[in-house]
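Trainee: 3D, please:
(one chain, ligands or ions: 1)
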Amino acid sequence: MRSKLGLAVAGLLLIGGAATAEEKVLNLYSARHYQTDEALYSNFTKQTGIKINRIEGKEDELLERLKNEGANSPADVFLTVDAARLAKAHELGLFAPVQSKLLESRIPAHLRTDDWFSFSTRARVIVYNKGSVKAGDVQNYADLANPKLKGKFCSRSGSHPYNLSLMASVISHEGEAKAEQWAKGMVANFARAPKGGDTDQIKAVSAGECGVAVSNTYYVARLLRSTKPEEQKMMEKVGIVWPDQNGSGAHINVSGGGMLKTAPNKEAAVKFLEYLASDEAQRYFADGNNEWPAVSGIKISNPGLEAMGKFKADSLPVKNLAMYATKAQILFDRAGFK
Ligand code: FE
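Mentor: Here you go, the predicted structure:
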């Protein structure tokens, strides 16, 4: 019954559109590319009659493209991952402030800024080799700098946004001097020079090449949900720690986006951002990459996330991550965290 009605309404909209010869569109630049995204976008079109023209690309390439297109960009909305990257887009003056009562009421204050909004969250957790490292020794991010872990710590590059955002949170909580000491301590503990992505660190931890590393939760969840026997075996050797549970909580990063200053379809852009905060869209958005919805109270069922258990999340405003992103790079450089 419901679908029949939906079809009828969609039909009317089509006729209406043809009569005015004006098709409503939204031009979306997105660094997302997940299976659930098809439903995410087609439901928006079904609900609003607004067609989505999607351009997908790598995070940094899309940002470059927006920069180059300048005022001529056809883009209405830019979606990407990581607070440091969203902060970069803000610094470049790409986003326009959005005033929306709906977004303000749906997205918690610490997960939004004046011109960009988080739509899902991920945490950065500690992964360790159960054979060579004791869980008790790696309960906090600060422990990664403990000389006890000499020759055991592995990491991806210090220039990567995930590590920059984690560093930004440490600067925010502990101040610059302590944050720099922390970076130096981690460098002194390196098992090898930084290389690879988060999944590579988990693999190296499992293989015993590294004792401990950090990873975003969705990489861990992906492996925990894996049906491949070799990945299941790999995860048997890996322990997962929610860091700083007696302190400020596990570092939270986000994926999100905003409306572009030069957006030709501003009304559609705001509608789309508001749609992303709806219950239904939040489920698709978060689940596509094993993340948590930014809107609270949304029920999800994700075996990979559930396998990791409950945790205390840091409620540091994403604004702070953005604020210290540049400083984070300076401190990592000074510490030799390449
Ligand atoms: Fe990632």
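
Trainee: next up, phi/psi of V77, please.
Mentor: Main-chain torsions, V77, degrees, to the nearest 10: phi -130, psi 140.

Trainee: residue ranges with poor pLDDT in this protein?
Mentor: Along the chain, the parts satisfying pLDDT under 70 run over 1-21.

Trainee: now the longest strand along it: how far from the chain's centre is it?
Mentor: When the chain is parsed with DSSP state E, its longest strand is strand 117-129. Distance of strand 117-129 from its chain centroid, counting by Cα atoms, centre = their mean, to the nearest Å, is 8 Å.

Trainee: after it, next one along is what?
Mentor: Scanning forward in sequence from strand 117-129, with DSSP states H and E defining helices and strands, the next element found is helix 161-174.

Trainee: packing partners of that following helix?
Mentor: helix 83-91, strand 117-129, helix 176-188, strand 212-216, strand 252-259, helix 318-323, helix 325-335 (3 or more Cβ pairs under 8 Å, 6 or more residues apart in numbering; DSSP states H and E). Yep, even glycine has a C-beta here, placed from its N, CA and C like the rest.

Trainee: same thing but 7 Å
Mentor: Of the remaining helices and strands, those touching helix 161-174 by 3 or more Cβ pairs under 7 Å, 6 or more residues apart in numbering; DSSP states H and E are helix 83-91, helix 176-188, helix 318-323, helix 325-335.

Trainee: ok now it, how far from the chain's centre?
Mentor: 14 Å.

Trainee: who touches it?
Mentor: With contacts defined as Cβ atoms under 7 Å, 6 or more residues apart in numbering, helix 161-174 is touched by 82-85, 124, 141, 155-157, 179, 182, 216, 248, 251, 253, 314, 316, 320-321, 324-325, 327-329, 331-332.

Trainee: tilt between that helix and strand 117-129?
Mentor: Angle between the axes of helix 161-174 and strand 117-129 is 90 degrees (criterion: axes from the mean of the first three to the mean of the last three Cα atoms, to 10 degrees).

Trainee: going forward, begin numbering at 364 instead of 1
Mentor: Sounds good: first residue 364 from here, last item helix 524-537.

Trainee: can you show me the CA trace of helix 524-537 as CSV?
Mentor: Extracted in CSV, the C-alpha atoms of helix 524-537 (Å, rounded to 0.1, in the frame of the first residue of the first chain):
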residue,chain,number,x,y,z
PRO,A,524,44.6,13.1,9.0
TYR,A,525,43.6,10.3,11.4
ASN,A,526,46.8,10.7,13.4
LEU,A,527,46.6,14.5,13.2
SER,A,528,43.1,14.5,14.6
LEU,A,529,44.1,12.2,17.4
MET,A,530,47.1,14.5,18.1
ALA,A,531,44.8,17.6,18.0
SER,A,532,42.7,16.0,20.7
VAL,A,533,45.7,15.4,22.9
ILE,A,534,46.8,19.0,22.4
SER,A,535,43.3,20.1,23.4
HIS,A,536,43.2,18.0,26.5
GLU,A,537,46.9,18.1,27.7
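
Trainee: quick one, that helix and helix 688-698 angle?
Mentor: Our comparison of helix 524-537 with helix 688-698, counting by the same axes, to 10 degrees, yields an angle of 100 degrees.

Trainee: can you list the buried residues in helix 524-537?
Mentor: The neighbour-count criterion (16 or more other Cβ atoms under 10 Å) identifies 524-537 as the buried residues of helix 524-537.

Trainee: and for stretch 614-631?
Mentor: 614-623, 625-626, 628, 631.

Trainee: just give me the neighbour total for F674.
Mentor: Neighbours of F674 under the rule other Cβ atoms under 10 Å: 16.

Trainee: now K701
Mentor: Counted by other Cβ under 10 Å, the residues lying close to K701 total 14.

Trainee: was I right to think it contacts G521?
Mentor: Yes: applying Cβ atoms under 7 Å as the test, K701 and G521 come out as touching, 6.0 Å apart.

Trainee: give me the common contacts of those two.
Mentor: Between them, K701 and G521 share the contacting residues P557, judged by Cβ under 7 Å, 6+ apart.
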